[in-house]
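Undergrad: Please find the sequence and the predicted model below.
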Amino acid sequence: MPPVEELAKIPRFPDLKERYRVTGDDGGPLGVGRCPYSLYKEILVNPRVRRVNLDSFVDGSVSSLLEHCLGFRPRDEREERSELSASASPLTRYLASSPAPELSRVTALASEHYHEVREATDHTGGPLHVLLTLSPAPCTALASIAGALLEAGARLDQRDRAGNTPLLCLASLLQRAEWGVAAEIAKLFCTRTDCDVNSVNLQGRSLLSLSLSYLDDSLEVTRTLINLGARVWPLEPLTGPGPGASVSEIIRDTESSAFTWLLRAVVSQRGLENTEASLEAVAHVMAAQPERMKSHVIRVMLSEGRHPRVLGPVFLQLKTSLAPFWSRPQQLSYLAWARVRRSLGPKRLTARPRLPGLPPPILRYLTLSSPNRGASAAVRKQKIK
């Protein structure tokens with residue numbers, strides 16, 4: 001037992017949260033460097049805190065954890081708007097500041113500032129980028145305003161500093177759970193020749209991969225993109241297994257695949273809940289190349305596999321539900337589906353009215369509005385087990 005004077009020298013755990021802020025040059029009492037706020041500090045000092053997302057912290061990427069610990073604060077919309085006010089055109093400032101932009105006013109500004117509508121700045125892109133990412137306008141008004149900007153000459157192949165086209169900016173609507181509006185605007189954009197439904201940003205993400213991250217919540221957007229011709233994986237397959245494919249090719253094939261991001265969402269929630277319809281939509285596209293689909297699914301599972309005791313049953317269930325699509329011979333219903341869709345093409349599949357004269361059940365199956373019963377039964381059987 002140490003003497004009493006030695007016990008007095010032992011530092012006591014402070015009660016106030018302010019004691020754990022960064023102070024001075026030594027990085028604070030806990031010695032965590034320049035981090036102004038830390039998850040475990042908040043939990044220890046204030047156990048009742050509810051604004052910390054433990055799951056996202058534990059399952060977050062290494063880069064997000066480093067940004068957190070180094071005190072990196074992402075740019076918010078107010079900072080973006082402050083940059084706009086300095087150099088942006090009146091149309092761009094109006095879109096970024098007006099809580100309820102009037103369609104007539106947008107049309108007038110677009111016609112008055114003709115050249116600004118067709119040009120993109122280095123950081124914010126064109127007026128469509130501002131409308132979809134920074135505008136406080138109600139989501140119900142975005143489609144009509146976007147249509148007016150397109151008629152005024154706005155381009156869909158412009159990119160902002162993150163490499164996002166206006167189509168990729170629809171990710172901000174997905175974050176707000178505005179699935180119907182995002183699907184409507186995606187269909188509006190993809191009917192134009194200057195829009196590429198498979199465009200990717202600097203991170204290699206397509207809108208389909210972003211949509212699949214929300215699983216069946218974003219099913220309407222996923223179906224719309226697939227019907228418009230969105231690809232699940234890169235156009236060029238790997239050169240071959242084993243020595244035939246380099247490590248860089250395998251990484252590119254994995255990271256560029258929308259199925260990879262769907263699987264990561266499944267891993268994040270540790271189950272196949274709310275995934276059935278999205279899985280079937282993706283499987284219908286990949287099954288056009290059954291051998292590639294089988295090797296791709298297994299390879300992505302191996303690369304994303306963590307904690308076999310937890311994810312092993314989930315991956316087995318997932319593989320069982322996808323196996324009918326790469327089995328030989330393929331189901332006759334799928335072969336007919338693929339042949340008819342290939343003959344029709346994306347424009348006729350998304351046209352209004354849709355293929356008049358076809359019975360509604362066949363039309364729903366062709367446009368992925370109703371799941372395939374065989375594959376759905378396989379998923380439900382695994383769930384029961």
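TA: Received it, and whenever you're ready, just let me know what you need.

Undergrad: For the rest of this, base every contact and every neighbour count on C-alpha atoms.
TA: OK.

Undergrad: ok, Leu168 - contacts?
TA: 199-201, 206-207 (C-alpha atoms under 8 Å, 6 or more residues apart in numbering).

Undergrad: Please identify, among these, the one with the most neighbours.
TA: Leu207 (27 neighbours; other C-alpha atoms under 10 Å).

Undergrad: Setting the sequence-adjacent residues aside, check what's closest to it.
TA: Excluding the flanking residues, the one nearest Leu207 by C-alpha to C-alpha, 6 or more residues apart in numbering is Leu168, at 5.5 Å.

Undergrad: ok, now how distant is the one you found from Pro346?
TA: 19 Å (C-alpha to C-alpha, to the nearest Å).

Undergrad: And the contacts of Leu168, which two are furthest apart?
TA: Greatest spatial distance among the contacts of Leu168 (C-alpha to C-alpha): Asn201 and Leu207, at 9.3 Å.

Undergrad: Which segments of this protein make up each domain?
TA: 4-69, 77-196, 244-384 (automatic domain parsing).

Undergrad: OK, contacts around the closest residue to Asp160 other than its chain neighbours?
TA: Nearest residue to Asp160 in three dimensions, chain neighbours excluded: Gly125, at 4.1 Å (C-alpha to C-alpha, 6+ apart). Neighbouring residues of Gly125 by C-alpha under 8 Å, 6+ apart: 119, 158-161.

Undergrad: same check, this time on Ser111
TA: If you count contacts by C-alpha under 8 Å, 6+ apart, Ser111 has them with Ala152.

Undergrad: Buried residues of the helix or strand harbouring it, list them for me.
TA: Using DSSP states H and E, the element containing Ser111 is helix 103-112. By neighbour count on 16 or more other C-alpha atoms under 10 Å, the buried set for helix 103-112 is 103, 106-107, 109-111.

Undergrad: In a markdown table, list those along with distance to Ser248 and pLDDT.
TA: Formatted as a markdown table, the entries for the buried residues of helix 103-112 read as follows, by distance: C-alpha to C-alpha, whole Å; pLDDT from 0 to 100:
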| residue | distance to Ser248 | pLDDT |
| --- | --- | --- |
| Leu103 | 48 | 87 |
| Val106 | 46 | 87 |
| Thr107 | 47 | 87 |
| Leu109 | 47 | 86 |
| Ala110 | 45 | 82 |
| Ser111 | 47 | 81 |
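
Undergrad: can you put those in JSON lines and add distance to Leu131?
TA: Shown next, in JSON lines, are those (distance: C-alpha to C-alpha, whole Å):
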{"residue": "Leu103", "distance to Leu131": "12"}
{"residue": "Val106", "distance to Leu131": "11"}
{"residue": "Thr107", "distance to Leu131": "14"}
{"residue": "Leu109", "distance to Leu131": "14"}
{"residue": "Ala110", "distance to Leu131": "13"}
{"residue": "Ser111", "distance to Leu131": "17"}
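
Undergrad: Wait, Ser256 touches Glu236, no?
TA: No. Shown here, Ser256 and Glu236 do not form a contact pair, counting by C-alpha atoms under 8 Å, at 11.1 Å.

Undergrad: the more surrounded of those two?
TA: For the pair Ser256 and Glu236, the greater number of neighbours falls to Ser256 (21 against 7), based on other C-alpha under 10 Å.

Undergrad: Distance check, the more buried one against Glu112.
TA: For Ser256, the distance to Glu112 - C-alpha to C-alpha - is 41 Å.
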